[in-house]
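Asks: task: produce atomic coordinates for the following.
(chains A and B)
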Amino acid sequence: MNKRLLGVIDATTVHEDLHELSIHRSVAAIPFGGRYRLIDFILSNMVNSGIESVAIFPKFQYRSLMDHLGSGRNWDLNRKRDGLFFFPAPNLDKHYTGIGTLDHFADNIDFFERSTQEYALIANSYTVFNMDFQPLLDWHLKSGCDITEVQKAGKSLGIYLVKKTLLKDLIMTRNETGYSNMRDVVTDLDSQFHLCYYNFEGYASMVDTIEKYFKTSMDLMKPEVWKELFPKERPILTKVKDEPPTRYDVDASVRNSMVANGGMIEGTVENSIIARGVKIGKGTVIRNCIIMQKTQIKENCLLDSVIVDKDARIEAGTVITAPTDAPAVIRKGSVQGVGSKS
Amino acid sequence: MLLAGGKGSRLHSLTKNLAKPAVPFGGKYRIIDFPLSNCTNSGIHTVGVLTQYQPLLLNSYIGIGSAWDLDRKDGGVTVLPPYAETSEVKWYSGTASAIFQNLNYLYQYDPEYVLILSGDHIYKMNYELMLEYHIEKGADVTISVIQVPWEETNRFGIMNTDDSLRITEFEEKPAEAKNNLASMGIYIFKWSVLREYLIRDDQNPDSSHDFGKDIIPLLIKENMKLYAYPFKGYWKDVGTVQSLWEANMDLLDRDCELNLFDQSWRIYSVNPNQPPQYICPEGNVSESLVNEGCKIEGDVSKTVVFQGVTVKKGAVVKETVIMPDAVIGHNCVIEKAIVSPGVYVPDGTIIRPDQGSNEITLISEETIGALQSN
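Replies: Just a heads-up that it's a prediction; the model follows:
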């Protein structure tokens, strides 16, 4: 298939505005859509476009990311030749900014030397979209560009296509040119390169704030967005968990929600995303919420516009509500009781 | 040694293109997931799966066994189909002949004990405990048994035992049973005993080469040490449309002994990796199990819904099993049925049992075709 394209995912990003969800994990590993992590979208897109070699460049807090990706088996990237590569930053003191940090690539230049692919696709790890990169490569080749940036309605999506030899030049000459990342390269007005912009028509959302996270999650409940993100022929793949189907009790009432496997639902759920293995007790009402993996919400609670991170426990009778445009966040593993402050 | 060649003819069109062990069960699984998960959870990492009838799907489903953590360098899962020898092609004519023809597979490992399983039952069992019992009793063969209701004893192979649970007599489907301990088709053999009796059985021209009919009675007759291992817990033969439906409905009971949510004894399967289920604003789900990739726009109650199913607006589905990728059209009414995988039930179809009847309808392409031509 696409032996010409190398996948490079920059997973170094830190978003201050996502702090509450990224204390224990990198932005790339933030749970999304009930069973995914943000990185699943770009990674699956690469695999579905026939890319057989993908390198991940993480920096901070990448334990959960490594655990999630494993050998790459769930993306069919556990290969003898090519497959999945992991290049954590060797030096945490070095300051990386922007997508596609050339310093970080320089630390792993061997990878770019050894891989046989002619072109490299450099992408961020936190965009929710479903895109086939084959037409992008065809377009790039036809228009004779040096570097193509993928955009949506005139705004950068933080995805760049470049010939690998040129990428290697950019890495080697970074001290002379002053370019520190791919964004610097494409935003240089005096650039000597032929820069092109490719417009992506479909749904795409860069998740960089809590509000954006919440809004993008709620977008999943729009049938047109769901259809675009999860077509059968280009599935978004993730780590599988061997959870049983979700059990709905006799008192369960679920409307306009996405529910992942392994859940036990006894209460009322509306306009919400319920992740794998979540328990929702009797008499509890969950509205406009995102409940992450293995969280337990006991009986007679009321939660409105709340993001509850993994493994949290909400004791019986707890009421937590927030305005829809500023959702509350309950941290991973925390316990919330009636008396505790939210 | 997992016998997975069963045809399951009483499951009708469900097993037309599919061996019985590959029949979908419980919203996510196939029947064979249960014995395979039991093996891996019991610490058995060398499993031979004997296939014969319609093996295509079963073979590709088992693959290299990674779903059950049985992709091993040493041992792991091996699919054992019938094969041709220099002189003739030998089909597996009975359960014993299937194992006999794979003696070479067993010689490779030269084990102390061999566990023989069938791929037709739904249950969770720790085979390690059964082996401990087998060793403790100093048995040649241990047969796992379960108490069945007295009125059903004529459907099972019944073991008559003495007080120490040593098996004294085996009766296949007796009209007047003396006991209600039914064989679960799970045997542990001393390898040396298994080998000897299989070789002798092969040379007996009058044998039907079946464990229940030939090997076990001969062992008892020759006064070998056979013990019954009493099993308590959920165990169900899902050989008919009715019993397959019942076993699925059992899962909806919160207190069901077969707990799929038990993290310490997980049932593994090939995960479909589909998006979460979407319950639409018009949809409603209660007392049901629903798997990934479903879209529920209708009203679903007391129903087991497999991955990739769509229930459209206005449809009402009750006490039904909807197998993978089936579509229930607008305003359908479906009650007490099993909807076969991938079937499209057209808008407005009404299928429910007649007043007072409890018969389960198997909805297949043919059922739909017949409805439309009427």
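
Asks: separation between the residue in the stretch 1-150 of chain B positioned nearest to chain A and B:Leu218?
Replies: Proximity of the stretch 1-150 of chain B to chain A (CB to the nearest CB) peaks at B:Gly27, 3.6 Å away. For the C-beta atoms, the positions are set from N, CA and C on the backbone; glycine is no exception. Distance, B:Gly27 to B:Leu218, using CB to CB, to the nearest Å: 42 Å.

Asks: tell me which of the two has more neighbours.
Replies: B:Gly27 (30 against 15; other CB atoms under 10 Å in any protein chain shown).

Asks: now could you export just the CA positions of stretch A:167-185 as PDB?
Replies: Extracted in PDB, the C-alpha atoms of stretch A:167-185 (Å, rounded to 0.1, in the frame of the first residue of the first chain):
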ATOM      1  CA  LEU A 167      12.800  17.300   6.300                       C
ATOM      2  CA  LYS A 168      16.300  16.000   7.000                       C
ATOM      3  CA  ASP A 169      17.800  19.300   5.600                       C
ATOM      4  CA  LEU A 170      15.500  21.300   7.800                       C
ATOM      5  CA  ILE A 171      16.600  19.200  10.800                       C
ATOM      6  CA  MET A 172      20.300  19.500  10.000                       C
ATOM      7  CA  THR A 173      20.200  23.300   9.300                       C
ATOM      8  CA  ARG A 174      17.900  24.300  12.100                       C
ATOM      9  CA  ASN A 175      20.600  26.300  13.900                       C
ATOM     10  CA  GLU A 176      21.400  28.400  10.800                       C
ATOM     11  CA  THR A 177      17.800  28.900   9.600                       C
ATOM     12  CA  GLY A 178      16.400  29.500  13.100                       C
ATOM     13  CA  TYR A 179      13.400  27.300  12.300                       C
ATOM     14  CA  SER A 180      12.600  25.300  15.500                       C
ATOM     15  CA  ASN A 181       9.500  23.500  14.200                       C
ATOM     16  CA  MET A 182       7.300  22.900  11.200                       C
ATOM     17  CA  ARG A 183       5.100  25.900  12.000                       C
ATOM     18  CA  ASP A 184       8.100  28.200  11.800                       C
ATOM     19  CA  VAL A 185       8.900  26.800   8.400                       C
END
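
Asks: and it, how far out from the chain middle?
Replies: 26 Å (CA atoms, centre = their mean, to the nearest Å).

Asks: show me the contacts for the residue in the stretch 1-150 of chain A that chain B sits nearest to.
Replies: Proximity of the stretch 1-150 of chain A to chain B (CB to the nearest CB) peaks at A:Gly34, 4.0 Å away. A:Gly34 is in contact with A:Met258, A:Val259, A:Ala260, A:Ile273, A:Ile274, A:Ala275, A:Arg276, B:Pro275, B:Pro276, counting by CB atoms under 8 Å, 6 or more residues apart in numbering or on different chains.

Asks: any regions of chain A where pLDDT drops low?
Replies: Scanning chain A for pLDDT under 70 picks out A:1-2, A:338-342.

Asks: get me the contact residues on it for chain B.
Replies: A:33-35, A:73-74, A:221, A:223, A:226, A:229-230, A:235-238, A:240-242, A:244-262, A:264, A:273-274 (CB under 8 Å from any CB of the partner chain).

Asks: just the ones of the residues you listed in strands?
Replies: A:Thr246, A:Arg247, A:Tyr248, A:Ser253, A:Val254, A:Arg255, A:Ser257, A:Met258, A:Val259, A:Met264, A:Ile273, A:Ile274 (DSSP state E).
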